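Visitor: my questions concern the predicted model and sequence given below.
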Amino acid sequence: MCFTLGQLFYAHFDATLGPVVQHQVPENLITSHTTSDTDTRSRSRSRSRSRAPRPVSPASASSRTPYGSALLNFALISEYVIPKKALHGRLVTLLTTGYEDDDKAEYRVMGFPNVMTGEGGRYKRNEYMWNLCFVFHASSSLEAFEPVVRKCARILRSAERDSSYLSAPSPDHTPLPAVLEQLFEDLNSYSETSIPLDGFNSLELKLFPFYPNPPECEDWHVPIALVNLNALKDDNWDITAARVSQFIDGVNHVKRIAQLADADEALTRETLKHMLYYQVVMMIDIFQYSNMYTLKPAISRLASDETIMSECASYVTRQAFPLPEWPTLLKLYSKLTPGVTIHDWIESNEVLSLGVDPRRFVSFGIIKGFLRRVHRWPKMMERGSPLIPLPVEGRRRVGFDDTARLGSSTTLGTRGDRSHAGDSTTSRPGGGGIGGESAFTLRSVGSNASLGVSPSSKHGITPPSTSGRSPVGGRRSLAYANTGHSTGTIVGVGTSHHHHNQVLPRSHASVSVSVADSHPSTSSRRAVGGASVSNYSHTGTHPGGSGIRFGGLTHRQREEAAAIRAAEEMEEDLIGYLDGTHHADEIQVRFSMGWDKLEGILGLEGVKGGMGKKGVTMVLR
């Protein structure tokens with residue numbers, strides 16, 4: 001890491017003149033007057049070693065800078081360089097204005113003022129106040145220099161206490177001007193120095209890189225290695241770091257890396273944050289052909305950068321293709337605008353025919369800082385039709401007697417009875433039948449694969465066994481009796497507009513139903529998904545056969561109930577992300593789906609008036 005120190009100067013409080021600059025490196029950059037006289041010089045009593053004064057005429061000096069050839073005006077900052085006693089022994093940083101190459105500029109001056117009290121007339125006025133100050137450009141990061149400034153003040157104070165190094169130097173001491181000059185050169189060139197002072201004390205300094213706290217690492221971020229991680233890896237590496245580093249390729253996102261490395265997601269994020277801290281990786285967005293990008297204002301400056309012009313073609317061009325010219329690549333970058341996806345950009349500009357790798361093309365612009373991602377931020381404005389459809393393949397209608405809602409048990413006649421009994425009837429065990437057909441819609445077991453919920457459940461579904469076993473749904477229990485006839489039968493159980501159906505074996509069946517208290521408005525989605533089902537059993541008989549006993553939920557019905565419950569939970573969870581504070585990448589990784597699928601779920605295929613058909617609008621920024 002490169003550090004740049006602009007200037008060093010040593011100031012103390014003179015008993016006659018007050019605060020003065022005694023030594024400075026480079027020379028002649030600090031003045032103590034506010035006039036424009038070019039003969040104004042610093043009050044430094046040391047000889048010039050680094051820079052000779054520039055010959056400037058009075059007229060030109062007055063028109064250029066108010067300080068002539070000086071960098072800073074000490075008169076404006078002296079009360080902070082040698083401050084009141086309340087600030088002594090504290091790190092003081094001040095912002096001031098100066099001139100550099102005829103242009104006005106801002107600088108930061110950092111020091112650690114000290115005061116020492118003498119006895120027996122050691123010091124005039126019995127006190128010695130001094131400060132060694134470091135000067136930087138205002139935009140510099142000073143965190144790395146703070147411990148250096150503190151240590152310099154501490155060592156110089158110790159040398160003054162031991163041998164009066166500052167107030168009464170002896171010929172055996174290393175001259176302070178030479179110390180400042182070596183300190184200035186070594187810190188700028190080598191970031192470290194070792195300077196003996198008085199035989200008892202020495203300045204042993206080293207600048208350590210200061211890194212800011214790393215940004216947050218999210219599951220949808222994609223790390224890109226800025227160095228060769230395999231070359232840095234050794235046997236002492238953390239196990240998680242060694243695993244994770246193998247899958248950092250600029251394509252895998254954080255959650256995917258954790259899966260491939262078989263590592264905990266939280267530990268994976270912490271490992272990547274360490275890598276971000278040491279600046280060996282950087283984070284970008286997931287690359288998808290549905291992404292949108294746009295240029296940043298920095299392109300006006302970077303477009304003429306020789307480094308970018310020479311690196312871009314070799315980085316973005318696939319093998320066996322000639323390197324395109326920089327104007328061609330710059331024109332392609334200019335075609336990336338909000339609303340234009342990467343897929344559309346590739347098709348309209350024939351990018352692949354030029355041998356340009358779209359992923360590397362985008363990554364180069366992001367790394368260099370002139371390209372940025374345009375995110376989609378979905379927001380639900382009004383809740384319309386359900387986002388997640390229930391896992392159902394079809395609906396069928398059957399005859400059903402409304403009295404089944406009131407009785408404790410009934411015998412239900414099905415459509416299969418029509419070949420033998422004419423109209424569909426429902427008869428009580430001891431009475432006549434009640435004709436009619438209900439409008440109940442029954443639900444069959446559907447596929448869950450399209451939801452991303454229990455994808456393997458469909459393969460586990462088996463047809464009903466020939467023994468006549470049948471699922472029991474919601475709060476109702478069914479008992480089926482085989483009658484020995486060959487006609488297919490469909491029976492249904494439910495509480496309102498969502499019900500289950502089941503195809504029985506090809507035989508005539510009479511069904512005995514035990515009905516619990518239920519309100520017609522209760523949704524069967526919740527009845528099946530959340531209600532507990534008692535293991536009710538019933539024995540049915542038929543002429544010439546023994547009774548068959550049934551009870552509880554079948555494997556097939558449990559799978560359907562779990563799928564419905566998971567669909568409801570997924571919809572509620574998804575709606576929580578549609579508040580305008582979560583962008584599409586986060587939602588896609590959270591629910592493990594691509595943009596095309598998410599776009600269909602949110603009803604954004606044909607947006608009219610800024611809103612999709614399910615009440616979701618999309619904000620681009």
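Guide: It's in.
Visitor: how is this protein divided into domains?
Guide: Under the assignment named as the TED database, the residue ranges that make up the domains of the chain are 7-33+67-206, 222-284, 292-374, 561-620.
Visitor: I'd like the ones you listed as JSON lines, with mean neighbour count appended.
Guide: In short, each C-beta sits where N, CA and C put it, glycine included. Formatted as JSON lines, the entries for the domains of the chain read as follows, by neighbours: other C-beta atoms under 10 Å:
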{"stretch": "domain 7-33+67-206", "mean neighbour count": "17"}
{"stretch": "domain 222-284", "mean neighbour count": "16"}
{"stretch": "domain 292-374", "mean neighbour count": "15"}
{"stretch": "domain 561-620", "mean neighbour count": "16"}
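Visitor: could you dump these to JSON lines with mean pLDDT and distance to residue 391?
Guide: Output for those, formatted as JSON lines (pLDDT from 0 to 100; distance: least, C-beta to C-beta, whole Å):
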{"stretch": "domain 7-33+67-206", "mean pLDDT": "89", "distance to residue 391": "56"}
{"stretch": "domain 222-284", "mean pLDDT": "94", "distance to residue 391": "25"}
{"stretch": "domain 292-374", "mean pLDDT": "94", "distance to residue 391": "31"}
{"stretch": "domain 561-620", "mean pLDDT": "89", "distance to residue 391": "4"}
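Visitor: so which of those domains is nearest residue 215?
Guide: Ranking the domains of the chain by distance to residue 215, with C-beta to C-beta as the measure, places domain 222-284 first at 6.6 Å.
Visitor: just the terminal-to-terminal distance for that closest one.
Guide: This stretch, domain 222-284, spans 5 Å end to end (C-alpha to C-alpha, to the nearest Å).
Visitor: with adjacent residues omitted, what lies nearest to residue 22?
Guide: What sits nearest to residue 22 in space, not counting adjacent residues and going by C-beta to C-beta, 6 or more residues apart in numbering, is residue 10, at 5.3 Å.
Visitor: show me the contacts for residue 388.
Guide: 451, 567, 568, 570, 571, 574, 601 (C-beta atoms under 8 Å, 6 or more residues apart in numbering).
Visitor: look up phi and psi at it.
Guide: Recorded main-chain torsions at residue 388 are phi -100, psi 110, according to degrees, to the nearest 10.
Visitor: and what about residue 367, helix, strand or coil?
Guide: Using DSSP: H, G, I helix; E, B strand; the rest coil, the three-state assignment for residue 367 comes out as helix.
Visitor: distance check, it against residue 272.
Guide: Residue 367 sits at a distance of 17 Å from residue 272 (criterion: C-beta to C-beta, to the nearest Å).
Visitor: over to residue 299?
Guide: 29 Å.
Visitor: likewise residue 86?
Guide: Noted for residue 86: a distance of 46 Å to residue 272, by C-beta to C-beta.
Visitor: try residue 256
Guide: When C-beta to C-beta is the yardstick, residue 256 and residue 272 sit 12 Å from each other.
Visitor: and if you look at residue 24?
Guide: 46 Å.
Visitor: equivalent analysis for residue 173, please.
Guide: With the distance defined as C-beta to C-beta, residue 173 ends up 52 Å from residue 272.
Visitor: kindly report the same for residue 258.
Guide: Remark: distance between residue 258 and residue 272 (C-beta to C-beta) = 10 Å.
Visitor: please apply the same query to residue 83.
Guide: 45 Å.
Visitor: do the same with residue 285
Guide: Applying C-beta to C-beta, one obtains 15 Å for the distance of residue 285 from residue 272.
Visitor: go on, residue 179?
Guide: From residue 179 over to residue 272 (counting by C-beta to C-beta), the distance is 44 Å.
Visitor: for the lengthiest helix in the chain, packing partners?
Guide: The helix that spans the most residues within the chain, counting by DSSP state H, is helix 555-576. Other elements packing on helix 555-576 under the criterion 3 or more C-beta pairs under 8 Å, 6 or more residues apart in numbering; DSSP states H and E are helix 524-530, helix 584-591.
Visitor: got the angle for it vs helix 584-591?
Guide: 160 degrees (axes from the mean of the first three to the mean of the last three C-alpha atoms, to 10 degrees).
Visitor: quick one: the helices in the stretch 151-300 of the chain, in order.
Guide: Residue ranges of the helices in the stretch 151-300 of the chain, as given by DSSP state H, counting those that start in this stretch, are 176-189, 229-232, 239-245, 254-260, 265-277, 299-302.
Visitor: whoops, I mixed them up, the stretch 301-450 of the chain
Guide: With DSSP H, counting those that start in this stretch as the criterion, the stretch 301-450 of the chain has helices spanning 306-316, 326-334, 342-349, 358-368, 418-421.
Visitor: what's the separation between the residue lying closest to residue 192 once chain neighbours are set aside and residue 362?
Guide: Across the structure, with C-beta to C-beta, 6+ apart as the measure, the residue nearest residue 192 apart from its sequence neighbours is residue 206 (4.1 Å). If you measure residue 206 against residue 362 using C-beta to C-beta, the figure is 40 Å.
Visitor: who touches residue 324 in this structure?
Guide: Applying C-beta under 8 Å, 6+ apart, we find residue 324 in contact with 313, 317, 354, 355, 356.
Visitor: make TSV from those and add distance to residue 197 to it.
Guide: As requested, the contacts of residue 324 are arranged in TSV below (distance: C-beta to C-beta, whole Å):
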residue	distance to residue 197
313	55
317	58
354	65
355	64
356	61
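Visitor: and of those, the nearest to residue 587?
Guide: Where the contacts of residue 324 are concerned, and distances follow C-beta to C-beta, residue 587 has its nearest neighbour in residue 356, at 29.7 Å.
Visitor: which strands border the host helix or strand of residue 19, and is each parallel or antiparallel?
Guide: With secondary structure defined by DSSP states H and E, residue 19 is part of strand 18-25. On the basis of DSSP bridges, the sheet neighbours of strand 18-25 come out as strand 7-14 (antiparallel).
Visitor: in the sheet, who's paired with residue 281?
Guide: Listed beta-bridge partners, residue 281: residue 225 (assigned using DSSP bridges).
Visitor: list the contacts for the closest residue to residue 6 other than its chain neighbours?
Guide: With C-beta to C-beta, 6+ apart as the measure, residue 135 is the residue that lies nearest to residue 6, at 4.6 Å, once sequence neighbours are left out. Applying C-beta under 8 Å, 6+ apart to residue 135 gives the contacts 5, 6, 7, 8, 9, 71, 72, 107, 108, 109, 110.
Visitor: same question for residue 598.
Guide: With contact set as C-beta under 8 Å, 6+ apart, residue 598 has these partners: 584, 587, 588, 591.
Visitor: ok, the third one to residue 606 distance?
Guide: This means residue 588. Taking C-beta to C-beta as the criterion, residue 588 is separated from residue 606 by 21 Å.
Visitor: picking up where we left off before, could you give the angle of the strand holding residue 19 to helix 176-189?
Guide: Counting by the same axes, to 10 degrees, strand 18-25 lies at 50 degrees to helix 176-189.
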